[in-house]
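Student: Requesting a structural model of the entry that follows:
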Amino acid sequence: MGNNMTRAVIFDMDGVLIDTEKHYNAAWCEAAHRAGFDAFGKDHALMLRSCDARLAQEMMKDIFGAGFDYHAIREIRRQLVAERLATYGLEKKPGIDEILAFLHERGIKAAVATATPIELTLRHLEQIGVKDQFDRIVSAKQVANGKPAPDVYLYACAQIGEQPADCVAVEDSPNGVRSAHAAGCKTVMVPDLTQPDAELLPLLYAVVDTLADLKELI
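Tutor: You can find the predicted model right below:
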């Protein structure tokens, strides 16, 4: 790819920088079951990764009927995730320190574009000791449409003053990949809970095992 072509790397947070998606998945299932939706399973929780709330609400109502109160169930899920993180702690994904040091050494900007609310994002990145290593940190809650719409990546690019085509976006979920690709970023997937399927592969610049492997692409 060459140094002159990559001016910034924009990271998703959950499932990319921190190992939280497994907690979100378990908490979605428990919250839905508590609300009486016993048919809600791990695959349904996977559909909700990084997904815009309005879109998620429609998807769940299509599957489970009008009685699925997405916002109420999400509120229970939020509490359950907080409890799980208090119990298990926040775990960094492998290679995070290595890739951030690599970018810093080469003068390549680093940013975060997450679906998580900004206050929680800042707290989590502070907790794992990397918050100050990013030029900008933005949340999909700050733009009109969440992932898979491109808004949050376009906003991140504007904030760091770079064109999407000069930015590598790092994602773990289909909604995130679609968002970054639609924005025009070179999209790299570091699979977390799922591998890319045939529908997702054409949208990807590359698939790598860990964040440290990004060094080969930049």
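Student: which residues in the chain form strands?
Tutor: With DSSP state E as the criterion, the chain has strands at 8-11, 109-114, 136-139, 167-171, 186-189, 206-207.
Student: As a markdown table, the ones you listed with mean pLDDT would be great.
Tutor: As requested, the strands of the chain are arranged in a markdown table below (pLDDT from 0 to 100):
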| stretch | mean pLDDT |
| --- | --- |
| strand 8-11 | 98 |
| strand 109-114 | 98 |
| strand 136-139 | 98 |
| strand 167-171 | 98 |
| strand 186-189 | 98 |
| strand 206-207 | 98 |
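Student: Just send the ones you listed back as CSV, with mean neighbour count too.
Tutor: In this view, the C-beta of every residue, glycine as well, is placed from N, C-alpha and C. As requested, the strands of the chain are arranged in CSV below (neighbours: other CB atoms under 10 Å):
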stretch, mean neighbour count
strand 8-11, 26
strand 109-114, 26
strand 136-139, 21
strand 167-171, 28
strand 186-189, 25
strand 206-207, 15
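Student: can you put the ones you listed in TSV and add distance to Leu100?
Tutor: Shown next, in TSV, are these (distance: least, CB to CB, whole Å):
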stretch	distance to Leu100
strand 8-11	9
strand 109-114	6
strand 136-139	13
strand 167-171	12
strand 186-189	15
strand 206-207	19
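Student: Any idea which of the ones you listed gets closest to Arg54?
Tutor: Nearest of the strands of the chain to Arg54, taken as CB to CB: strand 136-139 at 15.8 Å.
Student: That closest one packs against which elements?
Tutor: strand 109-114, helix 118-127, helix 151-160 (3 or more CB pairs under 8 Å, 6 or more residues apart in numbering; DSSP states H and E).
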